[in-house]
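Chemist: Pasting a predicted model and its sequence here:
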Amino acid sequence: MADMIVPRHIAMIMDGNGRWAKKRLLPRSAGHKAGLDRFVEICDACGELGVEYLTVYAFSTENWNRAPEEVNALMELMSRGIVKYEPQLEKRNVRLKLLGDLERFEPKYREALIGVQERLSKNSGMVLSICLSYGGRQELVYAVNRLLKEGKTEITEADIDRTLYSAGNPDPDLVIRTSGEYRISNFLLWQSAYAEYYFTDVLWPDFDKKELLKAIESYSKRERRFGR
Ligand code: FPP
C-alpha cells in the first residue's frame, strides 16, 4: 500500500493459542509453540517495516492461575525461545526490555531472560518489550509505590510515565488483539489512552505478516485527533 502509515509503536495481545491447538486436537502447549514461532516472524516483519517499538503481552499476572503444568510449559518455552532467538535479535540490532514482575519467575528462567535483556540492551534498533507476569493495574501500583519511596506527596503524569515498567517507550499507536476477543485484559492501561485498537478473529498462531499488514492498513485509514 503506497500510503501506508507504519505506526511508531505497535502493541499486541497474542491470544488464541489454546483454541488453535484445540481445533487441531493438539495439547495447549503445541498452540503456545506455534505462537512462539509466529511471534518471531512478526517481530522480524515489524523490524523490516520500520516499526520502532513493539510491545507484546506474553504472560499476564492472571496467567499464573492456569494449571501448573501449563504455566511451567509456558515458562520453559518462553525462556528457551528468547535464548534461542537471541542471535537473530542481535543481528537485527533489537533492544530487549522485559516488563513485569519477574521476581515471581523461577530463578533459572528469570536469570536466562535477564541475561538476554542485558546483552541486548546496548543495541540501537527496534525496541522489543515483552510483558511477562505483567498487569496494567499492578504496573500503576508499582509506579506509585516508587514515587512514594522518592518521598513524593503530589505527582504529575510525567512522574508516572517515568516510573512505569515501560519508562522510555512512547505510548503505543496501535494495539492489536487476535482471536476475536474485544477486551483490553489489563494491558498497557495507562499507555493506551489514545491508542487505536485493531481486533481480528484470526487466532495468534495464524497471524502472519499478511494479517499484520491488514492491521497497519486499517490503522493508516484512521484519522487520529487525540481528543482535539
Ligand atoms: C494466549 O492464548 C497466549 C498466551 C497466554 C501465551 C502467549 C505466548 C506466546 C505467543 C509465546 C511468545 C513467546 C515469547 C517469548 C514472547 P491462550 O492460551 O489464552 O489461548 P486461548 O484463549 O485460545 O485458550
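Modeler: Thanks, I have it. Source: prediction; values computed, not measured.

Chemist: When you work out contacts or count neighbours from here on, use the C-alpha atoms and nothing else.
Modeler: Noted.

Chemist: per-residue confidence averaged over the biggest helix by length in the chain?
Modeler: Scanning the chain for the longest helix, with DSSP state H as the assignment, gives helix 68-91. Helix 68-91 carries an average pLDDT of 95.

Chemist: Now do it: distance to the chain's middle.
Modeler: Taking CA atoms, centre = their mean, to the nearest Å, the mean C-alpha location of helix 68-91 is offset from the chain mean by 14 Å.

Chemist: does that helix come close to the ligand?
Modeler: Yes - using CA under 6 Å from any ligand atom, helix 68-91 comes into contact with the ligand via 78, 81, 82.

Chemist: Repeat that for stretch 34-53.
Modeler: Yes - with CA under 6 Å from any ligand atom as the measure, stretch 34-53 is seen reaching the ligand through 35, 36, 39.

Chemist: so what's the residue positioned nearest the centre of the chain bridging to?
Modeler: Among the residues of the chain, the one closest to the centroid is residue 56, at 1.2 Å (CA atoms, centre = their mean). According to DSSP bridges, the partner residues bridging residue 56 are residue 12, residue 130.

Chemist: Quick check: it vs residue 12, distance?
Modeler: Going from residue 56 to residue 12 by CA to CA, to the nearest Å gives 5 Å.

Chemist: now do residue 138
Modeler: Going from residue 138 to residue 12 by CA to CA gives 19 Å.

Chemist: List the buried residues of stretch 213-228.
Modeler: Within stretch 213-228, the residues scored as buried using 16 or more other CA atoms under 10 Å are 213, 215, 216, 217, 219, 220.

Chemist: distance between the ends of that stretch?
Modeler: Using CA to CA, one end of stretch 213-228 lies 28 Å from the other.

Chemist: Quick one: residues in contact with it.
Modeler: Here stretch 213-228 makes contact (CA atoms under 8 Å, 6 or more residues apart in numbering) with 1, 3, 4, 5, 6, 7, 174, 176, 194, 196, 198.

Chemist: Okay, strands next: where are they in this protein?
Modeler: 9-13, 53-60, 95-99, 127-134, 174-177, 196-199 (DSSP state E).

Chemist: ranking the residues of stretch 34-53 next to the ligand by neighbours, who comes first?
Modeler: For the residues of stretch 34-53 next to the ligand, the largest neighbour count, defined by other CA atoms under 10 Å, is 24 neighbours, found at residue 35.

Chemist: Now do the same contact list for that residue.
Modeler: Contacts of residue 35 by CA under 8 Å, 6+ apart are 14, 17, 204, 205.
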